[in-house]
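Trainee: With the input below, show me the fold.
(2 chains)
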Number of protein chains: 2
Amino acid sequence: METKAIKPYVVGMDIGGTNTVFGIVDKDGNVLCQDSIKTKAYPVIEDYVNAIGDKLDVLIESVGGKDKINGMGVGAPNGNYYTGNIEFAPNLAWKGIVPLAKLFTERLGIPCKLTNDANAAAIGEMTYGAAKGMKHFIMITLGTGVGSGIVIDGKLVYGHDGFAGELGHITAVPDGRICGCGRKGCLEAYCSATGIVRTAKEILTSSYDASMLRNIPEAELTSKDIFDCAMAGDAIACDIFQKTGELLGKALANFTVFSSPEAFIIFGGLAKAGDLIFKPVKEAMEANMLAVFKNKVKVLPSMLKDADAAVLGASALGWEV
Amino acid sequence: METKAIKPYVVGMDIGGTNTVFGIVDKDGNVLCQDSIKTKAYPVIEDYVNAIGDKLDVLIESVGGKDKINGMGVGAPNGNYYTGNIEFAPNLAWKGIVPLAKLFTERLGIPCKLTNDANAAAIGEMTYGAAKGMKHFIMITLGTGVGSGIVIDGKLVYGHDGFAGELGHITAVPDGRICGCGRKGCLEAYCSATGIVRTAKEILTSSYDASMLRNIPEAELTSKDIFDCAMAGDAIACDIFQKTGELLGKALANFTVFSSPEAFIIFGGLAKAGDLIFKPVKEAMEANMLAVFKNKVKVLPSMLKDADAAVLGASALGWEV
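Mentor: Predicted coordinates for the structure are as follows:
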């Protein structure tokens, strides 16, 4: 994305179910300063906006005041780019439709744009990260859920209603596991951090084979445990990553026929498992790829710095205002 | 698509494995005149271009000469919009890479653009048909194969290499039927004219239930026969349409999460089966739709006139040159 902005900084903010992180970013993607609040502590939206506004006033003052700020970008669950609203987000306290961009524009006197967190990550990756210079790529975020941001001709795809790019809810396994969305067999039900734990429980239940994973109480099992056991050579843990990677790789082959991207950029907790996940993903993607796309599509890890990724991704929208 | 062209006519040409049809079209989508040749009669590409060139010279002269022609648009199997080449088309006699747009530009002295047939249909639908005024829709062509053309923000999606939009090769049934592409379970292996015949043979083989379809020699069975029997109330033929429609409807629900289109436009032989196919498609699409997209997405039949559709679709590219 070309930066035509003349003011030197943007505000980035990432709204999570637990924490809201916000900071000030320069054109090279340096997070100059950042702060956070507990999202859940503010069930009334006006209180939330004011609490963040007070903290942002301080940060903004520290870089020279709001004349130096080009705009504000927000990544939010169920954030709609077209309207600037958060619409019916299941994991946030504010119900219905919340005009978040408008509230922040009024509070701060800075133009504000908003989109969902995976789209924000895609814009961040394009502006500062692994997709710099790419016109066609798909961001896949592997976290508590599976999110995506699709870029075609250098532009984020928002679709007819602003909600395009929900690739976590492509059917990966027809009539498969129930997903949080109420449907069956979604990619998210298998390839998210919670999905991989469900796979582990299924495999552990279906056999008596020895595994280090059996030393962890089932209710406490996390994707990090599975990663640690796989790195320690545990066969079942390795098999879980293999199966998860295969499903994701097959899904990426299907996504390719849609927009023929140059690359998939993988972001989030599971992406940190390195070859444990990237190797089966790439193998299954190529094995299932339509001939015309074979050996053309890269699968790359995100290059956004971890501690800054959420703020960075969202901040990139602040150059667009 | 806005028509900024100042010249009043375009040439449209559709290259099929059997016939090549070409004609002259005005801004309202009227095909003023058309002609055709047998594609297979010209195994040498230069002969093919000359044969069409000679016939087109006559058509062009009849509307006032080439000063009246804004451009030429071609729909071709494996046509690449970016390069103007036909690349490795399995069903055409010309092997390897054929610089078709360049050859016609040189022969006729008219700028020429080319894309695959399904993309041409999408542009045609947007310019003259059911998608007039739509910015976000997906064209699905149900013919010998299943093709697609994806429009986002009023633009055809070509992707990184010019081959985006091969939705016929999304996996509809994991580890399902072998598809012509060599992979398993592609949508095309089920929802094309040949796919529905394969479904018929499977169902007829797996039961002894009476059916009018059993009166037709299996080797001669066509999708038209299945349609005729279904219209006559044959239970098995109706069931075949139901199953085909369900698979397609589930696929459309999956496609929706990608680009959130306003509508799917269905074109081609099977689309003419009306409610026999549209009813199960719509029901399965809504039943499998992610909540945020429910009751938002239309499924519409093509509005391109049948006899003219191929020429019309391709001709729309002639306004873009």
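
Trainee: Kindly export stretch A:144-163 (C-alpha atoms) in CSV.
Mentor: Output of stretch A:144-163 as CSV, limited to C-alpha atoms (Å, rounded to 0.1, in the frame of the first residue of the first chain):
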residue,chain,number,x,y,z
THR,A,144,-8.5,-18.9,19.3
GLY,A,145,-10.3,-18.9,16.0
VAL,A,146,-9.2,-18.9,12.4
GLY,A,147,-9.5,-15.6,10.6
SER,A,148,-8.5,-14.3,7.2
GLY,A,149,-7.8,-11.2,5.2
ILE,A,150,-7.9,-11.4,1.4
VAL,A,151,-5.9,-8.9,-0.7
ILE,A,152,-6.6,-8.7,-4.4
ASP,A,153,-4.9,-6.1,-6.6
GLY,A,154,-3.4,-4.5,-3.5
LYS,A,155,-6.9,-4.0,-1.9
LEU,A,156,-8.5,-5.7,1.1
VAL,A,157,-11.6,-7.6,0.0
TYR,A,158,-14.6,-6.4,2.1
GLY,A,159,-17.4,-7.7,-0.2
HIS,A,160,-20.9,-6.6,-0.6
ASP,A,161,-21.7,-6.0,3.1
GLY,A,162,-18.2,-5.5,4.6
PHE,A,163,-17.9,-9.1,6.0
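
Trainee: Poorly predicted segments of chain A, please.
Mentor: Across chain A, residues meeting the criterion (pLDDT under 70) sit at A:1-5.

Trainee: Identify each of the strands in it and give its residue range.
Mentor: A:9-15, A:19-26, A:31-38, A:69-75, A:86-87, A:97-98, A:112-115, A:137-142, A:146-152, A:155-156, A:263-267, A:298-301 (DSSP state E).

Trainee: Quick one: the ones you listed as a markdown table, columns for distance to chain B and mean neighbour count too.
Mentor: Where you see a C-beta, it was placed from the backbone N, CA and C, and this is true even at glycine. Formatted as a markdown table, these follow (distance: least, Cβ to the nearest Cβ, whole Å; neighbours: other Cβ atoms under 10 Å in any protein chain shown):
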| stretch | distance to chain B | mean neighbour count |
| --- | --- | --- |
| strand A:9-15 | 18 | 27 |
| strand A:19-26 | 23 | 22 |
| strand A:31-38 | 27 | 16 |
| strand A:69-75 | 17 | 26 |
| strand A:86-87 | 8 | 20 |
| strand A:97-98 | 13 | 18 |
| strand A:112-115 | 13 | 26 |
| strand A:137-142 | 8 | 29 |
| strand A:146-152 | 6 | 28 |
| strand A:155-156 | 7 | 18 |
| strand A:263-267 | 9 | 25 |
| strand A:298-301 | 10 | 17 |
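
Trainee: So which of these is nearest residue A:128?
Mentor: Set against residue A:128 and scored by Cβ to Cβ, those come closest in strand A:19-26, at 8.4 Å.

Trainee: What strands flank the closest one, and is each parallel or antiparallel?
Mentor: When pairs are called by DSSP bridges, strand A:19-26 turns out to pair with strand A:9-15 (antiparallel), strand A:31-38 (antiparallel).

Trainee: roughly how far out does the longest one sit from the chain middle?
Mentor: In this case it means strand A:31-38. Chain-centre distance of strand A:31-38: 18 Å, with Cα atoms, centre = their mean, to the nearest Å.

Trainee: Same question for stretch A:121-132.
Mentor: 12 Å.

Trainee: Buried residues in that stretch, which are they?
Mentor: For stretch A:121-132, a neighbour-count test (16 or more other Cβ atoms under 10 Å in any protein chain shown) marks A:121-131 as buried.

Trainee: now the nearest residue to residue A:310 once chain neighbours are set aside: how far from residue A:63?
Mentor: Leaving aside its chain neighbours, residue A:310 sits nearest to residue A:14 (3.4 Å; criterion: Cβ to Cβ, 6 or more residues apart in numbering or on different chains). Residue A:14 sits 19 Å away from residue A:63, going by Cβ to Cβ, to the nearest Å.

Trainee: Equivalent analysis for residue A:140, please.
Mentor: Counting by Cβ to Cβ - residue A:140 and residue A:63 are separated by 33 Å.

Trainee: What of residue A:264?
Mentor: 35 Å.

Trainee: Could you do residue A:121 as well?
Mentor: Taken as Cβ to Cβ, the span from residue A:121 to residue A:63 is 24 Å.

Trainee: burial count for residue A:189?
Mentor: Using other Cβ atoms under 10 Å in any protein chain shown, residue A:189 has 27 neighbouring residues.

Trainee: before we move on, what about residue A:182?
Mentor: Other residues near residue A:182 come to 9 when the count uses other Cβ under 10 Å.

Trainee: Around the closest residue to it other than its chain neighbours, how many other residues sit close by?
Mentor: Nearest non-adjacent residue to residue A:182, counting by Cβ to Cβ, 6+ apart: residue B:291, 7.0 Å away. When counting by other Cβ under 10 Å, one arrives at 11 neighbours for residue B:291.

Trainee: ditto for residue A:51
Mentor: When neighbours are counted by other Cβ under 10 Å, residue A:51 registers 15.

Trainee: excluding its backbone neighbours, what's nearest it?
Mentor: Nearest to residue A:51 is residue A:37, by Cβ to Cβ, 6+ apart, at 5.5 Å.

Trainee: Of all the residues in the stretch 1-150 of chain A, which one is nearest chain B?
Mentor: As assessed by Cβ to the nearest Cβ, chain B sits closest to residue A:136 within the stretch 1-150 of chain A, at 4.1 Å.

Trainee: mind listing what that residue touches?
Mentor: Residue A:136 makes contact with A:151-153, A:259-262, B:159-160, according to Cβ atoms under 8 Å, 6 or more residues apart in numbering or on different chains.

Trainee: can you do 7 Å?
Mentor: Neighbour list for residue A:136: A:151-152, A:259-262, B:159-160 [criterion: Cβ atoms under 7 Å, 6 or more residues apart in numbering or on different chains].

Trainee: Just the closest of those to residue A:114, please.
Mentor: Using Cβ to Cβ, residue A:151 comes nearest to residue A:114 of the contacts of residue A:136, at 17.7 Å.

Trainee: Any part of the helix ranked longest in chain A near chain B?
Mentor: For chain A, the helix with the greatest residue count under DSSP state H is helix A:235-259. Yes - for helix A:235-259, a contact with chain B is found by Cβ under 7 Å from any Cβ of the partner chain, at A:250, A:254, A:257-259.

Trainee: Around the residue nearest to residue A:179 when sequence neighbours are not counted, how many other residues sit close by?
Mentor: Once flanking residues are discounted, residue A:179 sits nearest to residue A:186: 3.8 Å by Cβ to Cβ, 6+ apart. For residue A:186, the neighbour count with other Cβ under 10 Å is 30.

Trainee: so residue A:186 sits right up against residue A:167, yeah?
Mentor: No - taking contacts as Cβ atoms under 7 Å, residue A:186 lies outside contact range of residue A:167: 9.6 Å.

Trainee: Spatially nearest residue to the residue of the stretch 1-150 of chain A closest to chain B, not counting backbone neighbours?
Mentor: Distance criterion Cβ to Cβ, 6+ apart; nearest residue to residue A:136, sequence neighbours excluded, is residue B:160 at 4.1 Å.
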